[in-house]
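> Structural data only, the sequence is not supplied:
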DNA sequence: CTTCATGCAAACCCTTTGCACGTCG
DNA sequence: CGACGTGCAAAGGGTTTGCATGAAG
């Protein structure tokens, strides 16, 4: 289906993938680096960045721009086009299909005269758990 | 209508506003700083950042996160909630109302269980002019 | 073996901060 | 005049790069 980017199965990459799997919400490169140090793994800063880029290209990660301007990542299954809902309290995130959004995008294209070929929708709020707990 | 944030009409602020007015598409803080130098204006780096923040708070600018991860700004009229369509060729941008998006957001909230309280939609494509010229 | 990935450190941004001076109102 | 804004330089983060070593296929 896909040209599958040529990459090697290296120890650092497996380690980083494992660290990501243990995380719940979104995380930054610095978070991962800290995780690695905590686990006594010797992984270079550069490797973390290079690997995050790689995973993002492969679709296993998606890069988010938080409202604060921070660059974060979330794990996601490389599936159809989708968007993320991010909890501003605990950082958890969920994937959502863009049902209905296609129509909105098309309409915006028509009205603006732009030929729209990509878009990003990011949603922020409180996840069910944090709602219940009453976090603000 | 609005508490109108208290600010002073200073020379640097007017100068920066003028530089912004001369720009067409989106721009970064570095762009503005370069503009200022080019015009032989003595404006400190810090002032540019502080002023951009100020304008953004006032609603005269909106901060965009380009797909590249760059932080850019676009001028906009401080009006209702809206979104921006950005031309990936020339950087021009247009404002669009979020007609229909409200419904999508509501639906996503229902399905995901999140209480969504803010969102960002950014659209990328080619503006009418670049389409005509055939830019890719 | 050959190619590709790593680690390290330095280099490079971009953005913020501390502080003394200038100025708007 | 008093509060607020400015410029400068330095600090602070985040991200990238150059290069020799090491591992993968």
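Happy to help now that I have it. Please read these numbers as outputs of a predicted model, since none were measured by experiment.
> Could you point out which residue ranges in chain A have low pLDDT?
A:1-5, A:135-136 (pLDDT under 70).
> Return the residues of it in contact with DNA strand C.
Contact residues, chain A versus DNA strand C (Cβ under 7 Å from any atom of the strand): A:6-8, A:10, A:12-13, A:42-47, A:50-51, A:69. C-beta coordinates here come from the backbone N, C-alpha and C atoms, glycine included.
> again, only this time at 6 Å
Contact residues, chain A versus DNA strand C (Cβ under 6 Å from any atom of the strand): A:7-8, A:10, A:12-13, A:42-47, A:50-51.
> Quick check on the residues you listed: which are buried?
A:12-13, A:43, A:47, A:51 (16 or more other Cβ atoms under 10 Å in any protein chain shown).
> can I see the domain layout of chain A?
A:1-78, A:80-136 (automatic domain parsing).
> Check whether the longest one comes near chain B.
Yes. Figure legend: domain A:1-78 in contact with chain B (Cβ under 8 Å from any Cβ of the partner chain); contacting residues A:63, A:65, A:67, A:69, A:71.
> gap between that domain and the chain center?
9 Å (Cα atoms, centre = their mean, to the nearest Å).
> does any part of that domain sit near DNA strand D?
Yes. Judged by Cβ under 6 Å from any atom of the strand, domain A:1-78 and DNA strand D are in contact via A:8-11, A:28-30, A:45-46, A:49, A:71.
> Among those residues, which lie within strands?
Of the residues of domain A:1-78 next to DNA strand D, the ones assigned to strands by DSSP state E are residue A:71.
> and the residues of domain A:1-78 next to DNA strand D, which two are the farthest apart?
Across the residues of domain A:1-78 next to DNA strand D, the longest distance by Cβ to Cβ is 26.3 Å; it joins A:9 and A:71.
> Neighbour count for the two, which is higher?
More neighbours surround residue A:71 than the other of residue A:9 and residue A:71, with 16 against 6 (other Cβ atoms under 10 Å in any protein chain shown).
> how about that one, what does it touch?
Listed by Cβ atoms under 8 Å, 6 or more residues apart in numbering or on different chains, the contact partners of residue A:71 are A:28-29, A:63-65, B:69.
> tell me which residues form a beta bridge with it?
residue A:65 (DSSP bridges).
> Helix or strand: which one has the closest residue to residue A:22 other than its chain neighbours?
In this structure, residue A:22 finds its nearest non-sequential neighbour in residue A:35, 7.6 Å apart by Cβ to Cβ, 6 or more residues apart in numbering or on different chains. For residue A:35, the element it lies in under DSSP states H and E is helix A:29-38.
> by contact count, what packs against that helix?
helix A:11-22, helix A:45-58 (3 or more Cβ pairs under 8 Å, 6 or more residues apart in numbering or on different chains; DSSP states H and E).
> Could I get the buried residue list for that helix?
Result for helix A:29-38 [16+ other Cβ under 10 Å]: buried residues A:29, A:31-33, A:35-36.
> Quick check: the closest residue to DNA strand D within chain A vs residue B:118, distance?
Nearest residue of chain A to DNA strand D (Cβ to the nearest atom of the strand) works out as residue A:46 at 3.1 Å. To residue B:118, residue A:46 is 34 Å away according to Cβ to Cβ, to the nearest Å.
> Same question for residue A:68.
12 Å.
> What of residue A:133?
20 Å.
> likewise residue A:42?
Distance from residue A:42 to residue B:118, by Cβ to Cβ: 40 Å.
> Tell me the first helix or strand C-terminal of the lengthiest strand in chain A.
When chain A is scanned for its longest strand (criterion: DSSP E), the result is strand A:115-126. Once the chain leaves strand A:115-126, the next helix or strand it forms, by DSSP H and E, is helix A:128-133.
> and that following helix with chain B, contact?
Yes. Helix A:128-133 lies within reach of chain B by Cβ under 8 Å from any Cβ, at A:128, A:131.
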